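Asker: with the input below, show me the fold.
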Amino acid sequence: MRILVDGYNLIPAIPELRRVLHQDLEAGREGLIEMLRSYRRNSGGNPQITVVFDGKSHHDRGGRSPGGVEVLFSRHEIADALILRLLKERYRGAVLVTSDRALGEAAAPFASAVVRTGEFRDRLQQAAFMEEDSPEDEPERTPRRDTKKKGNPKRAPKKERRRNRQLRNL
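Answerer: Here you go, the predicted model:
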């Protein structure tokens, strides 16, 4: 599975990174990339993650980082345009992480699901907690799923079931 992240849209949703971002832009980006690496290590399916930032990197860095997270900078366009182009051309069917309503609506036909940054933030923090909690020498364990049925027994619409299936795979 491919996850496409609107970087500067996700950073303000994470309180510790929001504080850092106001003081040092690069430290905010690096903090997010490290959280995405942790998420990738602790998620069962090892998703392919691409994070897109506005502008040109100060170090002209782009491409794969050591933790398996692809970092892209939009050079002569805004990040939203680059994200849409990536969804249309290379990553059709990817999960898009953004709270930008216009981008989410434009990307909906090409993305398998659009996840709000607050929802994804919770998943990132859960992965960070799991990493801190698990000893180094123990093999990774997948979290147990609760099999108890909850909620209304009526079946959800097909579009919602497809979105939920994609979110479970995050």
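
Asker: not counting its neighbours along the chain, what's nearest L103?
Answerer: Excluding its sequence neighbours, the residue lying closest to L103 (CB to CB, 6 or more residues apart in numbering) is D80, at 4.8 Å. Placement of C-beta: from N, CA and C, glycine included.

Asker: how close does the one you found get to R162?
Answerer: 24 Å (CB to CB, to the nearest Å).

Asker: that older thread, list the contacts for the residue nearest to L103?
Answerer: D6, D100, A102, L103, A106 (CB atoms under 8 Å, 6 or more residues apart in numbering).

Asker: what do you get for V115?
Answerer: So V115 contacts V95, L96, V97, T98, L167, L170 (CB under 8 Å, 6+ apart).

Asker: ok so, going back, now restrict the contacts of D80 to buried residues only.
Answerer: D6, D100, L103, A106 (16 or more other CB atoms under 10 Å).

Asker: show me what contacts the closest residue to R163 other than its chain neighbours?
Answerer: Leaving aside its sequence neighbours, R163 sits nearest to A113 (CB to CB, 6+ apart; 4.6 Å). Contacts for A113 (CB under 8 Å, 6+ apart) come out as V95, L96, R162, R163, Q166, L167.

Asker: which one of those sits in the busiest neighbourhood?
Answerer: Among the contacts of A113, the one with the most neighbours (other CB atoms under 10 Å) is L96, at 26 neighbours.

Asker: quick check: closest non-adjacent residue to that one.
Answerer: A111 (4.3 Å).

Asker: the one you found belongs to a helix?
Answerer: No. Counting by DSSP: H, G, I helix; E, B strand; the rest coil, A111 is not found in a helix; it is coil.

Asker: in a helix, T50, correct?
Answerer: No. With three-state DSSP as the criterion, T50 is strand rather than part of a helix.
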